[in-house]
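Colleague: below are the sequence and a predicted model for it; my questions follow.
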Amino acid sequence: MSAAMTEYVIDPEDRARSELYDFIGLLLVKSANAALLRQVSQLGGDETPLGSALTVLAKIASVTSPEAAEREFNALFIGLGRGELLPYASHYLTGFLNEKPLANLRSDMSSRGIGRAEGKREPEDHIASLMEMMAGMIVGRFGTVTSVAEQKIFFQAHIEPWSIHFFSDLQATKSSVFYGAVGALGRQFMEIEAEGFGMLPN
C-alpha cells in the first residue's frame, strides 16, 4: 500500500502488533527466500499459544529450503490455473473474486487515505495486503495513527469475518509444512485480535 510517512510515538504493545501484522503479510505476499527463512529461523516465542506457534514456525524455517518454500507457496496460492487456497476476502465471503467485499474495502481505503501501491496486481482484499493495512494504520503510515476504535471498525469489517477461517485452512492444508506453520501463527494472532477488539465498547 502506498503511504505518506510521518513519525509518531507508538505504544510498544501497539508497535509489536503492527510488526506482527507486517511479518505475517510479508510471509504471505510471495514465497520466502533464503534471507527471510534465515530471519524467521532466528525468532523465538514464549509459552503462550502465540509464542509457541512462533517457536514452531522458527524451527520449521530452519530446515526449509527456499526451493521447498517456493513449491509450497505455488501449490497453495498459484497452482495450475489456481492454487489450493484463494487468499481473498471476496472469495471467502461470497465464493467469488472481485465481489462486494472488495468494493467495500476500496471505499474504506479511500476514506482512510490508503492508496493502492504502484505495480500491485493483486486485488486489495488479499490477506497479505490487509495485514499490511492494519500494520500501517496502527503506526500511522497512512497520514495519521488510527485510533483503536477505528482499528476495530476496520478489522471487524474486512478481516475478522474470514481471516480465522483462512488461516485455519492454511494450517490444515496437506500440501504445506512451512506455510501450515504460518497459518497456525496467523490463526492465533487473529483470535487474539478478535478477542481484544471484542472487549472494546461499540
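Modeller: Ah, there it is. Numbers count the residues shown, from 1 in each chain.
Colleague: so where's the longest helix in the protein?
Modeller: helix 178-198 (DSSP state H).
Colleague: just the pLDDT for the closest residue to residue 51 other than its chain neighbours.
Modeller: Closest residue in space to residue 51, ignoring its immediate chain neighbours: residue 45 at 3.1 Å, by Cβ to Cβ, 6 or more residues apart in numbering. Every C-beta, even on glycine, is put in place using the N, C-alpha and C of the backbone. What the model reports for residue 45 is a pLDDT of 90.
Colleague: quick one: residues contacting residue 45.
Modeller: 51, 52, 53, 54, 55, 58 (Cβ atoms under 8 Å, 6 or more residues apart in numbering).
Colleague: repeat for residue 187
Modeller: 53, 164, 167, 168, 171.
Colleague: got CSV for these, with secondary structure, pLDDT and distance to residue 115 too?
Modeller: Shown next, in CSV, are those (DSSP: H, G, I helix; E, B strand; the rest coil; pLDDT from 0 to 100; distance: Cβ to Cβ, whole Å):
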residue, secondary structure, pLDDT, distance to residue 115
53, helix, 98, 32
164, helix, 98, 28
167, helix, 98, 27
168, helix, 98, 31
171, helix, 98, 32
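Colleague: ok, so of those residues, who is nearest residue 199?
Modeller: residue 164 (16.7 Å; Cβ to Cβ).
Colleague: list the contacts for that closest one?
Modeller: Here residue 164 is in contact with 187, 190, 191, 194 (criterion: Cβ under 8 Å, 6+ apart).
Colleague: not counting sequence-adjacent ones, nearest residue to the last one?
Modeller: Same thing as residue 194. Residue 194's closest residue in space is residue 160 (Cβ to Cβ, 6+ apart), at 5.2 Å.
Colleague: state the distance from residue 118 to residue 134.
Modeller: 21 Å (Cβ to Cβ, to the nearest Å).
Colleague: between these two, which one's more packed in?
Modeller: Neighbours were counted for residue 118 and for residue 134 using other Cβ atoms under 10 Å; residue 134 has more, 23 against 6.
Colleague: roughly how far apart are that one and residue 31?
Modeller: Counting by Cβ to Cβ - residue 134 and residue 31 are separated by 22 Å.
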